[in-house]
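K.L.:
3D model of this:
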Amino acid sequence: MPSRREIIIAAGAAGFAAAGLAPYQLEAQTMAQPATADLILLNGKVTTLDRSNPAAEAVAVKDGRILLAGRAADVMAHAGPQTQVIDVAGRRVIPGLIDSHMHIIRGGLNYNMELRWDGVRSLAHAMEMLKRQVDNTPAPQWVRVVGGFTEHQFAEKRLPTIEEINAVAPDTPVFILHLYDRALLNGAALRVVGYTRDTPNPPGGEIVRDANGNPTGLLIAQPNATILYATLAKGPKLPVEYQKNSTRHFMREVNRLGVTGVIDAGGGFQNYPDDYAIIEELHRDGEMTVRIAYNLFTQKPKEELADFAGWAKQVKPGQGDDLYRANGAGEMLVYSAADFEDFQVARPDMPPSMETDLEPVIRLLAENRWPWRLHATYDETISRALDVFEKVNRDVPLEGLNWFFDHAETITDRNIERIAKLGGGIAVQHRMAFQGEYFTERYGHRAAERSPPIRRMLDMGVPVGAGTDATRVASYNPWVSLGWLVSGKTLGGLALYPAANRLDREQALRLWTEANTWFSNETGKKGQIAPGQLADIAVLSDDYFAVPEDSIQDITAVLTLLGGRPVHGAGDFADLAPDLPPAMPDWSPVRTFGGYQQRAEASKATKHAFANLCGCAKSCNVHGHAHAGAWGASMPVSDERSFWGALGCACWAV
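P.N.:
From the prediction side, this is the model:
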């Protein structure tokens, strides 16, 4: 790797020499050049996604936009005395990634309070992190692990037990949310939220109880996540200044992964305009490092029409600027049309009132030219929603609205065709990378092969974009999604898709860049490294087009530019991005652990940590409670059938 001095080259003779230009060429090209670049990235493997100019060696940026991408000599012709020239030393350069479905506004308000298990590959490591955070968290604060992981990513292939959580946290409230299906609360958390044997089960949820009728600490979504989120909402909130700091840290975290744009899908307990005050203040203060187009999510069952009618008088789609702008309605339009995906339970049927609830909302949105997005997991829900859309379309044409469905895991070809005819789109997320095992167990491998049928959607001409649905379900890491799109595998290693439903690497990258601009009505403005487009760029840690499929999920950005301005730098590029104040409060898990846990950085020593924290309800048949010895022993664990069967060892048991 070049030295720090070699990476940033002062414009002038040294810069032109780096581009292979002789000194005598300097005067002639300077006289002829039409514009002087503010910044140049040099010596890169640039994937532009501009079909007229697919690859380049260098990129010039001026006034926040791409000036030129091409040969080094041509780009360096735009260098001047004040141009900042950055040598990226042969790294892969791509357009900044855009997440078409993330809850970044709500997630930012809470990020500094949350211990993230995103990327953690063993329960042992996860429990060590939990214990360290418990020891660091003052009363009356909670320790929260709020989504972004699945039990299948752990080597142990299981979640912690309530007994294990209580052993490491006897007094500090702990709340662990796993996907949309369950939450685990220790005894201290149960006491704080007030759940007792006399607390009734809320609609759509279950408080699991022991033989005496007392809550065990397990909450089950039956079939929706309301009980999980309502319980989480009982916890302490960060003060306003801390929320601002938290949001900045979350934006910088996704910058670290190469993300420069997000279409925010709203969310429960995220009401407009109250819960948008922090992001709007950051926007006014020039402290946003991610472009956000936001959708408005209704908060009041049975009062959804009133919500949207009121918002239509306050804000219009497109209102704002390139950093922060209104996008439309959804993903919740009416509560009677929300089919939450918990693949461990049967598909929920939407109530008979769905169509009569949905139609006036869609009619209002269409008449006011508001684009919308609708959460819909199952084809049955999509069919009924399309009946409503087609009915409204006969009176108020939907053409040009860029409306779309989110998720669509079980959509059929017939409904893809109906969407295409109405001019709609489909935003897909990598929820199956986290839940594919559950889906396959319930519906079989054949059904899982097209869940969702992404290649078929593209072949049928429907706009398709990719996203994460972070933070409370899947992880916000875009590279997990890109790895899933390319490999067709879950985080647990289960192969879901045949080749016919997988994408090549360029196709997958397009779904994370230029394709997503359709979903925010910004086509041609960003998503490519092409002249005139916003200079949102990521320089990668590893070559996306060369690493093994399983290593795609480990990629990060070493340099991220937003409008040509560095918003993240790592390693030799670390001093290019502005400093960020430490995470607040001082006990924040972000200070200790950061966010997404990279596999290569996980300590080997943590493998044994959970053994030292044993709080098991019962001992292993072979080792008793001496799990540390079991972890360290040389045993035939690779032969799972004989290991589990012959020895009956429960040290790694599911």
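
K.L.:
any idea which helix or strand carries Asn155?
P.N.:
You called it Asn, but residue 155 is Ala. Of the helices and strands defined by DSSP states H and E, none includes Ala155.

K.L.:
ok, now Asp387?
P.N.:
helix 379-395.

K.L.:
what sits up against that helix?
P.N.:
The contact list for helix 379-395 (C-beta atoms under 8 Å, 6 or more residues apart in numbering) reads 337, 339, 347, 349-350, 354-355, 358-359, 362-363, 366, 374, 376, 398, 403, 405, 408, 410-412, 415, 418-419, 422, 424. (C-beta placed from N, C-alpha, C; glycine too.)

K.L.:
in it, what's buried?
P.N.:
379-382, 384-386, 388-389, 392-393 (16 or more other C-beta atoms under 10 Å).

K.L.:
out of these, who's nearest Tyr242?
P.N.:
Thr381 (38.4 Å; C-beta to C-beta).

K.L.:
separation between that closest one and Met354?
P.N.:
Thr381 is 8 Å from Met354, where distance means C-beta to C-beta, to the nearest Å.

K.L.:
mutual contacts of those two, please.
P.N.:
Common neighbours of Thr381 and Met354 (C-beta under 8 Å, 6+ apart) are Ala337.

K.L.:
pull the contacting residues for Gly261.
P.N.:
Per C-beta under 8 Å, 6+ apart, neighbours of Gly261: 96-99, 290-293, 516, 520, 526, 536.

K.L.:
let's see that with 7 Å instead.
P.N.:
By C-beta atoms under 7 Å, 6 or more residues apart in numbering, the residues touching Gly261 are 96, 98, 290-291, 526, 536.

K.L.:
what mean pLDDT does stretch 583-592 have?
P.N.:
Average pLDDT, stretch 583-592: 98.

K.L.:
got the contact list for it?
P.N.:
111-112, 114-115, 132-133, 136-138, 242, 245, 249, 582.

K.L.:
now these: which count as buried?
P.N.:
111-112, 114-115, 132-133, 136-137, 242, 245, 249.

K.L.:
will you turn these into TSV that also has secondary structure, pLDDT and distance to Thr172?
P.N.:
Formatted as TSV, those follow (DSSP: H, G, I helix; E, B strand; the rest coil; pLDDT from 0 to 100; distance: C-beta to C-beta, whole Å):
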residue	secondary structure	pLDDT	distance to Thr172
Tyr111	helix	98	20
Asn112	helix	98	17
Glu114	strand	98	15
Leu115	coil	98	12
Arg132	helix	98	12
Gln133	helix	98	9
Asn136	helix	98	10
Thr137	coil	98	6
Tyr242	helix	98	19
Asn245	helix	98	22
His249	helix	98	22
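
K.L.:
and which of those is nearest to Gly90?
P.N.:
Gly90 has its nearest neighbour among those in His249, at 30.8 Å by C-beta to C-beta.

K.L.:
residues touching the closest one, list them.
P.N.:
By C-beta under 7 Å, 6+ apart, the contact set of His249 is 111-112, 580, 583, 590.

K.L.:
wait, doesn't Val345 sit right on Pro223?
P.N.:
Yes: Val345 is within contact range of Pro223, at 5.5 Å (criterion: C-beta atoms under 7 Å).

K.L.:
which of the two has more neighbours?
P.N.:
Neighbours per residue, other C-beta atoms under 10 Å: of Val345 and Pro223, the larger number sits with Pro223, 20 against 16.

K.L.:
where's the more buried one, which helix or strand?
P.N.:
Counting by DSSP H and E, Pro223 is found in no helix or strand.

K.L.:
next up, the contacts around it.
P.N.:
204, 340, 342, 345, 348.

K.L.:
so where's the chain shaky on pLDDT?
P.N.:
For the chain, the stretches flagged by pLDDT under 70 are 1-34, 600-654.

K.L.:
next, the residue nearest the centre of it: phi, psi?
P.N.:
In the chain, the C-alpha nearest the mean C-alpha coordinate belongs to Tyr476, at 2.2 Å (C-alpha atoms, centre = their mean). When read as degrees, to the nearest 10, the backbone of Tyr476 gives phi -80, psi 0.

K.L.:
surely it meets Thr468?
P.N.:
Yes: shown here, Tyr476 and Thr468 form a contact pair, counting by C-beta under 7 Å, at 5.3 Å.

K.L.:
got any residues that touch both of the two?
P.N.:
Met102.

K.L.:
where do the strands sit along the stretch 251-400 of the chain?
P.N.:
259-264, 291-296, 324-329, 373-376 (DSSP state E, counting those that start in this stretch).
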